[in-house]
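>>> coordinates only, sequence not included:
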């Protein structure tokens, strides 16, 4: 029983420090102001919402969601934005899509590094364009996670 109490106390002493090391991910992921993206992509496909959910899920071990706008920039903060989403074609002739995102990692309000992400896809077969679009955005979350492991300023992630 004493061993359990000692382990619990040790965990409680370490847990706040570990939580303090987490990156705060600003959510929801916004669309860049002035972006000319088809409303069907944003509204019907719910791309910003699905991308935010996928990013939170992918980064769950390194980041905690923080509701935007952030009142302060203390600690490490990751901001990601949807820059563009282009969609053409249909289920018969296949979908063609190009997605662009950008992000920056901050430490106590100072920008440390940023990235630009691009994902291009063609295909779809008998799937909907919304499914393909959200799948490509989910793929970008993996690239963002890899970038966070070594955040190089000016990096191009995804499929260039």
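Perfect, thanks for sending it. Computed from a predicted model, the values in this text were never measured in an experiment. Residues are numbered from 1 along each chain as shown.

>>> for the most centrally placed residue in the chain, what are phi and psi?
The centre of the chain sits closest to residue 55, judged by Cα atoms, centre = their mean, with a distance of 3.7 Å. The main-chain torsion angles of residue 55 are listed as degrees, to the nearest 10 and equal phi -70, psi -40.

>>> can you get me a residue count around the closest residue to residue 74 other than its chain neighbours?
With Cβ to Cβ, 6 or more residues apart in numbering as the criterion, residue 74 has its nearest non-adjacent residue at 6.0 Å, and that residue is residue 108. Placement of C-beta: from N, CA and C, glycine included. A total of 11 residues lie near residue 108 under the criterion other Cβ atoms under 10 Å.

>>> residues contacting residue 108?
Neighbouring residues of residue 108 by Cβ atoms under 8 Å, 6 or more residues apart in numbering: 73, 74, 75.

>>> would you mind measuring from it to residue 42?
33 Å (Cβ to Cβ, to the nearest Å).

>>> correct me if wrong, but residue 29 is in a helix.
No: the assignment for residue 29 by DSSP: H, G, I helix; E, B strand; the rest coil gives coil, which leaves it out of any helix.

>>> the strands in the protein, which residues?
23-27, 63-67, 76-90, 94-107, 110-123, 155-158 (DSSP state E).

>>> in a markdown table: the ones you listed, plus mean pLDDT.
A markdown table is the format used below for the strands of the chain (pLDDT from 0 to 100):
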| stretch | mean pLDDT |
| --- | --- |
| strand 23-27 | 97 |
| strand 63-67 | 96 |
| strand 76-90 | 89 |
| strand 94-107 | 90 |
| strand 110-123 | 90 |
| strand 155-158 | 96 |
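
>>> now tabulate the ones you listed in CSV and tack on distance to residue 145 and mean neighbour count.
Rendered in CSV, the data for these read as follows (distance: least, Cβ to Cβ, whole Å; neighbours: other Cβ atoms under 10 Å):
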stretch, distance to residue 145, mean neighbour count
strand 23-27, 11, 21
strand 63-67, 9, 16
strand 76-90, 11, 19
strand 94-107, 11, 20
strand 110-123, 12, 16
strand 155-158, 10, 18
